[in-house]
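Asker: What shape does this take:
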Amino acid sequence: MKKTMNQSTMTLILNGVSLAALIFLMLSLFANNYIRNKLNTAAEERYNLTYNANRFMNGSAYLTNEVRAFAATGTQEHYDNYWHEVNDLKNRDLGVSAMQEIGITDEEQKMIDDMYALSNLLVPLEENAMNEVIEGNRESALDYVYGAEYTDSITQINALKEQFLSALDTRTQKVITDLSHTSAWLRASMFAALILVGILQMILMIVTRKGILQPVIAVRDQMGEISNGNLSAEFALQPNTSEIGMLVNSIHETKKELKKYINDIDHKLAEMAKGTMDLSIGNDYRGEFLPIQNAMRQILDSLNRALSQINLTAEQVSEESKRMASGAEVLSSGTDMQASAVHELSSNIQNITAQVERTSNDAEIARKNSIEAGSQLQICDQKMSELTSAMNDILESSHQIGGIVKTIEDICFQTNILALNAAVEAARAGEAGKGFAIVADEVQELANKSSVSAQNIAELIENSMKLVQYGVSLTADTTSALTEVVSNAHNSNNMLERIADSASMQSDTLKQITQSMNQISDVVQTNAATAQESAESARELYSHAERLKVSVQKFKLRRQ
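Answerer: This is a model prediction of the structure:
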């Protein structure tokens, strides 16, 4: 594998240098600001030093001018201005104090001290000049302030002033120049650092683009191809020791491993598609692909078990379908016979239904006739009751007639006795009693005839009574028989009503049975058709089972 600097190391170096340059730039910026502040402070101090130096020098020159003006003119104003400057304004002292506070060198301080010494030498001359003016000796005063001593001192002081201002200006200008050079150097350094940062960022951008972004884009495209299942897509990047190179190497290894797995799975599935199920799954899968290897192993095991079971089941189905086909044929034949028998039974039930309907109609007619006969028998029973009552009345009358006949017999007996008595009395009367005797004979003969008639009547009545008694007995028997006949007729009527109701119910039931038998006939015919279809399906199932057995036998299974 090619040795290459890591992108992270290169990026770290470039970013580190850029960061160092940025830090230097920031420090330079802060330093430049500091120098600029110092430069401003130096310029301000230069101005203040120059101002206070001029203040100091102008104060000395002012005193000289005022004392000379007072000596020349004697004007009090110049005298007052002089002492006002000395006692109140004190510009010289304040200027020196300000310069000392700002900061001056020892050399500059020596110049100030020398100027102070020379000024102090002038003070007695100036005081003498002002005293001479006060005393009115202005010429003497002018000699003091314009004399050689005063003029030499002034010349020395002015020379020192020029020297002091020049030294002060040179020193402050040097500080400002140095600070300006430093600021310019810092600005140049910041510009150089900025250029360096820009160059480093451009280099980093180029390195990032060529060394990271372009490989990452290539890796992204390659991963897109891999995610789409295209493992044969060209991948021009070569692996190296950098991070991207390692990533490229991982992609190459991933593609290699995936191709190995896919080829192995394709080979196994192709063999399985050919029916070869006695394959063995190795143990060369790694990582997350181990479940796939285990799944393939389980699939092969499951397919072997399932196909073995299917083979066994196919044989059983073939045998069972063969038996079922035979049974379906028998069932179809039996169903046809059953359909014919049910059809015939349905026809017989329809005939029975018609007969039962006729029986029901006849039972209804018989019930009506029975009801009518019962009504007539009830009338007959009523008439027989009336006849029995009449026979009883006849029997009673016969008994009364018997009493009457008995009375007639008694009358005949009495008449006969009376006739005998009359005959006896006629015989006693003799001739006179012949007519009475004839009457007595006729009466006796009438009594005998009446007696004979009474006996005949009695016999007739007795016979009539016997007949009436027999008639009463027959009437009672007839009444009892009629009563039983009426009761039986009533029972027969009830039975006929029940028979009629039962016949009607039987007719309705037979109608329902007929309807059910029609439905059964339809069902049986449907069953017959279904049985035929089942027989055909069983034959087809047997054919499919044979083909299934042949198809399953094509698989080469493991030996169990």
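Asker: drop to CA atoms for contacts and neighbour counts, all remaining ones
Answerer: Fine.
Asker: Output stretch 289-301 in PDB with nothing but the alpha carbons.
Answerer: Below are the C-alpha coordinates for stretch 289-301, written out as PDB (Å, rounded to 0.1, in the frame of the first residue of the first chain):
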ATOM      1  CA  PHE A 289     -23.200 -11.400   7.400                       C
ATOM      2  CA  LEU A 290     -23.100 -14.300   9.800                       C
ATOM      3  CA  PRO A 291     -26.900 -14.100  10.300                       C
ATOM      4  CA  ILE A 292     -27.300 -14.400   6.500                       C
ATOM      5  CA  GLN A 293     -25.100 -17.500   6.600                       C
ATOM      6  CA  ASN A 294     -27.100 -18.900   9.500                       C
ATOM      7  CA  ALA A 295     -30.300 -18.000   7.700                       C
ATOM      8  CA  MET A 296     -29.200 -19.800   4.600                       C
ATOM      9  CA  ARG A 297     -28.200 -22.800   6.700                       C
ATOM     10  CA  GLN A 298     -31.600 -22.700   8.400                       C
ATOM     11  CA  ILE A 299     -33.400 -22.300   5.000                       C
ATOM     12  CA  LEU A 300     -31.600 -25.300   3.600                       C
ATOM     13  CA  ASP A 301     -32.400 -27.300   6.700                       C
END
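Asker: quick one: residue 307 from residue 301, how far?
Answerer: Distance, residue 307 to residue 301, using C-alpha to C-alpha, to the nearest Å: 10 Å.
Asker: Let me know how buried residue 224 is, in neighbour terms.
Answerer: Using other C-alpha atoms under 10 Å, residue 224 has 12 neighbouring residues.
Asker: Confirm that it sits in a helix.
Answerer: Yes - secondary structure of residue 224, determined by DSSP: H, G, I helix; E, B strand; the rest coil: located in a helix.
Asker: Make 39 the first number, not 1, from now on.
Answerer: In the new count, where the first residue is 39, that last one comes out as residue 262.
Asker: OK, contacts around it?
Answerer: Not one residue lies near residue 262 by C-alpha atoms under 8 Å, 6 or more residues apart in numbering.
Asker: Helices of the chain, residue ranges please.
Answerer: 45-111, 114-121, 129-140, 144-173, 176-184, 186-245, 252-265, 281-312, 328-467, 472-590 (DSSP state H).
Asker: starting at the chain centroid, how far to stretch 234-248?
Answerer: With C-alpha atoms, centre = their mean, to the nearest Å as the basis, stretch 234-248 stands 54 Å off its chain's centre.
Asker: ok, and for that stretch, which residues are buried?
Answerer: Neighbour counts over stretch 234-248 (16 or more other C-alpha atoms under 10 Å) mark 234, 235, 238, 239, 242, 245, 246 as buried.
Asker: what do you get for stretch 57-66?
Answerer: 59, 60, 62, 63, 66.
Asker: and those residues as JSON lines, adding pLDDT and distance to residue 230?
Answerer: Shown next, in JSON lines, are the buried residues of stretch 57-66 (pLDDT from 0 to 100; distance: C-alpha to C-alpha, whole Å):
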{"residue": "59", "pLDDT": "84", "distance to residue 230": "9"}
{"residue": "60", "pLDDT": "86", "distance to residue 230": "11"}
{"residue": "62", "pLDDT": "85", "distance to residue 230": "10"}
{"residue": "63", "pLDDT": "84", "distance to residue 230": "9"}
{"residue": "66", "pLDDT": "84", "distance to residue 230": "11"}
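Asker: can you list the residues you listed in JSON lines and add distance to residue 201?
Answerer: Listed next are those as JSON lines, based on distance: C-alpha to C-alpha, whole Å:
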{"residue": "59", "distance to residue 201": "47"}
{"residue": "60", "distance to residue 201": "47"}
{"residue": "62", "distance to residue 201": "43"}
{"residue": "63", "distance to residue 201": "42"}
{"residue": "66", "distance to residue 201": "38"}
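Asker: Just the closest of those to residue 74, please.
Answerer: Lowest distance from residue 74 to those (C-alpha to C-alpha) belongs to residue 66, with 11.5 Å.
Asker: This completes my enquiry, with thanks.
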